[in-house]
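S.K.: What follows is a predicted structure for the sequence shown.
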Amino acid sequence: MEPAFSSLLSSLEPFQKQDIFPHNAIHPFATAAPATCALLQDLINTTDQISNSLAVCDSPTTWSNAKLISLLRQHTSIEHTTCSSAKNIQHLVNVLSTRSGVSYGENLPLLSASFPQWCIEQLAAWGTSAGMETFKDDSREDSSTVVLGGKVLVVDVDFVIERSDPLNPILRVSSVKTSNALLPGNTNSPTSTLTDSFLAGSIEEYCVEMQKPEKSRNIERASRLRNNVLDHLHYLVVLDGLANRKEYGGLRWFTDIDEICPTLNDLAKSEAEVITSSLSMSKAPLDIFLLRSHSLPLPYLTMPSISFLVYLSPLVYLSLVRNGTDQSMGDDDGPPLDISISSLRSHLNTTADGVTIAVLYVEKISEAHLYPASMSMPNLTARPTFPLVSSASDFDHSFPQLDGFGMEVTSQDQTPQSEPHAWVLDFTERGKRSGIVMSQSRMKAIELVVNPLGGDGLSNVSDILSFGTGSWVDLLLNPGNAVSPERYTALYTSPNSLHPPLQLRLTTPDEPGLTLERIPVHSIKEVWGILEVVREQCWLNEILLSCHWVTEGLESAEDIIDDSLVTDDDLQAVLSGTFTPRQIPVNVFLPPGSDNAPNNLFGPPDLNFSLASGPRIIMTSPERAPIPGFVEITVSHDETKPRGVSIDIQGAMGCDLKLADLEEICRRGGTLGLSGRVWVSGHGSAS
């Protein structure tokens, strides 16, 4: 019986950790989904083992030996104390190791003269830890070479040491060259010039930071730069292992991104030129470009792969316009934008809030993944669309894949020979950011892009996953609250005091929400289609996040205006029709679509979701006195419009505002303040 009691306690210990199960719904496009599924399977297996053990203990056995019973109780008490102590220690270790914002920085040598050699040794150590063979050539006094070798990949890093000051030598990265051994008879065949320049820049950035004067050196930033270079090397090792299988793409795992980048850049140029023509401008505004065209490709932005800039909030865009130093210069090879690509790259590395970036790369996936095998059929899906450049609809590009959705299978025994890998579109920057809050209907649209014929028999699973998650607006505005309120309120104040404060009242839509983190993809059309849906959701999210929303009934004292004090002047203004209200009530709605979508993983068709209808926001407010009635303003995302938005106004008697002016207000982040603008321009009252 002793092993039985010991196994019971030890088997339950892994499930007693804090926050071991995620609080949000698990779905196929969540990063934690495979680990959670495996953990649930382990829990089921452990439950069966405990049930069998208890059944054995419950057998009709006569326990007549009192000493044995006493020893078993004593042993149980000791085991319980041991497990409790181990649990407390593990909890303390987890808390200390997961503290946010805690970094001890980079270790530094004591002498400035030893910095060059120390940095070279660090690079060699990084290559070894990443699984590469490392060689150093220090035979020359003023230069050094570090060679990092994989199965087919070789990375030569050449350093130059400037010794004009013997006490303070300066280390510089002369060049980085990647080569491969796949082409017979040419061991120095280039792999990727973009990879060479990206690695050289990453290593050079680390060396520059480490060799700064002590007062200006940031050891925490140096630590982050070291981790970045190490992550780049780890990723190259992954590609190196895949490229070693010549029958499954070979060198394409390294060169595929470089080959598709010119085509993506040409499409961005064509779409930007269409936008400049419609606006009669020499360069397309970046925010309008992101609303109307496909996401802006930015190769080698954060890792040796390609990133896509999906959306920028109006605040981030305006800050980029004000802080941009070389907007007038532009990029010769890039699309004609009012913010140059070089300036955009430098600012995106330091900006997080209000920026949506998707990164495409190869990643090892768990065998417990939830998403089905590939059913990519771009010709059967409604996305992507090409309203600006229709000729681009004929282009598609499939990424290199292994058999069996990322798993190599031999022809003899049909058994996996390696861990599965797949191309994923990641919205978390490899876990550094939270994902994108999505409505369930748009998650359905994304699933239809990657799996248009899937979803049979999976609607019940979706109902279970989305049960109790609340509205997607709750997940966006109030993620820590388990109770879903019926409405949210916010006070919108005009920056220039053009109109009275707007008392916004947002009705929570009856639609669950999920967090989009990463998606397996197989072709560039899938990427375009997914990013179209994400762009629409980000447009909605950023509009809502532009105000501070609170649950209705929990407004702070400064948000409540006392209407009980009425003066004689107020009464006279009411009688004469010139009264200016202290607040203007505005009801905000987020309507769903009107058509039905087929059954799929993210829910049945009773959500009235329309693939053709874009996101909309409807705001209703009273007409300006003395005109009775209401004004209804509908703001829709529409890539066919010059500024990417469409505005429709019902009511507003005597309003002299032009729709182009209102579209510009939406572009500047004033969507929720349109009711006040319309109220000011109304002719219902002489003021």
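M.R.: Received, thanks.
S.K.: Ramachandran coordinates for the spatially closest residue to residue 112 that is not a sequence neighbour?
M.R.: Excluding the flanking residues, the one nearest residue 112 by Cβ to Cβ, 6 or more residues apart in numbering is residue 168, at 4.9 Å. Heads up, the C-betas are built off the backbone N, CA and C, glycines and all. Here is the backbone geometry of residue 168 (degrees, to the nearest 10): phi -140, psi 70.
S.K.: distance of residue 168 from residue 117?
M.R.: Distance, residue 168 to residue 117, by Cβ to Cβ, to the nearest Å: 13 Å.
S.K.: Compare neighbour counts for the two and give me the winner.
M.R.: Counted by other Cβ atoms under 10 Å, residue 168 and residue 117 do not tie: residue 117 has more neighbours, with 17 against 14.
S.K.: next one: phi and psi at residue 622?
M.R.: Per degrees, to the nearest 10, the backbone of residue 622 is at phi -70, psi 150.
S.K.: try residue 53
M.R.: Per-residue torsions, residue 53: phi -70, psi -40 (degrees, to the nearest 10).
S.K.: Run through the bridge partners of residue 649.
M.R.: residue 633 (DSSP bridges).
S.K.: count of neighbours near it?
M.R.: Per other Cβ under 10 Å, the neighbour tally for residue 649 reads 16.
S.K.: wait, what's in contact with it?
M.R.: 631-634, 655, 659, 662, 678 (Cβ atoms under 8 Å, 6 or more residues apart in numbering).
S.K.: mind checking how far it is from residue 511?
M.R.: With the distance defined as Cβ to Cβ, residue 649 ends up 26 Å from residue 511.
S.K.: can you pull the pLDDT of the closest residue to residue 279 other than its chain neighbours?
M.R.: Leaving aside its sequence neighbours, residue 279 sits nearest to residue 642 (Cβ to Cβ, 6+ apart; 5.8 Å). On pLDDT, residue 642 comes in at 92.
S.K.: And residue 392, by the same measure?
M.R.: pLDDT, residue 392: 89.
S.K.: cool, residue 553 as well?
M.R.: Note on residue 553: pLDDT of 74.
S.K.: would it count as being in a strand?
M.R.: No - counting by DSSP: H, G, I helix; E, B strand; the rest coil, residue 553 is not part of a strand but coil.
S.K.: which residues touch the residue nearest to residue 279?
M.R.: Residue 642 touches 278-279, 288, 660, 663, counting by Cβ under 8 Å, 6+ apart.
S.K.: can you check residue 15 too?
M.R.: Applying Cβ under 8 Å, 6+ apart, we find residue 15 in contact with 39, 43, 46.
S.K.: same check, this time on residue 232
M.R.: Residue 232 makes contact with 198-199, 202, 303-304 under the criterion Cβ under 8 Å, 6+ apart.
S.K.: quick one: which of those is most hemmed in?
M.R.: Of these, with other Cβ under 10 Å as the count, residue 199 tops at 24 neighbours.
S.K.: how's this structure carved up into domains?
M.R.: Domains of the chain are assigned by the TED database as 8-57+68-95, 112-244, 568-597+610-682.
S.K.: gap between the two ends of the second one?
M.R.: Domain 112-244 has an end-to-end distance of 42 Å (Cα to Cα, to the nearest Å).
S.K.: Averaged pLDDT, it. What do you get?
M.R.: The predicted model assigns domain 112-244 a mean pLDDT of 87.
S.K.: With the first one instead?
M.R.: Computed over domain 8-57+68-95, the mean pLDDT rounds to 73.
S.K.: Backbone dihedrals for the residue minimising distance to the centre of the chain, both of them.
M.R.: The C-alpha lying nearest the average C-alpha coordinate of the chain belongs to residue 427 (Cα atoms, centre = their mean; 2.3 Å). Here is the backbone geometry of residue 427 (degrees, to the nearest 10): phi -110, psi 10.
S.K.: What's the separation between it and residue 37?
M.R.: Distance, residue 427 to residue 37, using Cβ to Cβ: 21 Å.
S.K.: now swap in residue 616 and tell me
M.R.: In terms of Cβ to Cβ, residue 616 sits 36 Å off from residue 37.
S.K.: cool, and residue 615?
M.R.: According to Cβ to Cβ, residue 615 and residue 37 sit 32 Å apart.
S.K.: more crowded one of these two?
M.R.: Of the pair residue 615 and residue 37, residue 615 is the one with more neighbours under other Cβ under 10 Å, namely 22 against 16.
S.K.: In terms of pLDDT, where does the more buried one sit?
M.R.: For residue 615, the model assigns a pLDDT of 92.
S.K.: picking that back up, could you pull up phi and psi at the residue nearest to residue 279?
M.R.: Main-chain torsions, residue 642, degrees, to the nearest 10: phi -60, psi -40.
S.K.: State the distance from it to residue 666.
M.R.: On the measure of Cβ to Cβ, residue 642 and residue 666 end up 12 Å apart.
S.K.: Then residue 79?
M.R.: For residue 79, the distance to residue 666 equals 65 Å [Cβ to Cβ].
S.K.: Looking at the domains of the chain, which is nearest to residue 316?
M.R.: domain 568-597+610-682 (10.1 Å; Cβ to Cβ).
S.K.: coming back round to it: how about JSON lines for the contacts of residue 232, with distance to residue 113 and secondary structure added?
M.R.: Converted to JSON lines, the contacts of residue 232 look like this (distance: Cβ to Cβ, whole Å; DSSP: H, G, I helix; E, B strand; the rest coil):
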{"residue": "198", "distance to residue 113": "30", "secondary structure": "helix"}
{"residue": "199", "distance to residue 113": "26", "secondary structure": "helix"}
{"residue": "202", "distance to residue 113": "25", "secondary structure": "helix"}
{"residue": "303", "distance to residue 113": "34", "secondary structure": "coil"}
{"residue": "304", "distance to residue 113": "33", "secondary structure": "coil"}
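S.K.: Okay, strands next: where are they in the stretch 201-350 of the chain?
M.R.: For the stretch 201-350 of the chain, applying DSSP state E, counting those that start in this stretch gives strands covering 296-299, 306-312.
S.K.: got a list of contacts for the longest one?
M.R.: Contact with strand 306-312 is made by 257, 260-261, 264, 286-287, 290, 295-301, 320, 344, 348, 354-360, 527, 531, 534-535, 538-539, 542, as judged by Cβ under 8 Å, 6+ apart.
S.K.: So which of those belong to helices?
M.R.: 257, 260-261, 264, 286-287, 290, 320, 344, 348, 527, 531, 534-535, 538-539, 542 (DSSP state H).
S.K.: what about the stretch 251-400 of the chain, any weak spots by pLDDT?
M.R.: Scanning the stretch 251-400 of the chain for pLDDT under 70 picks out the ranges 324-332, 366-381.
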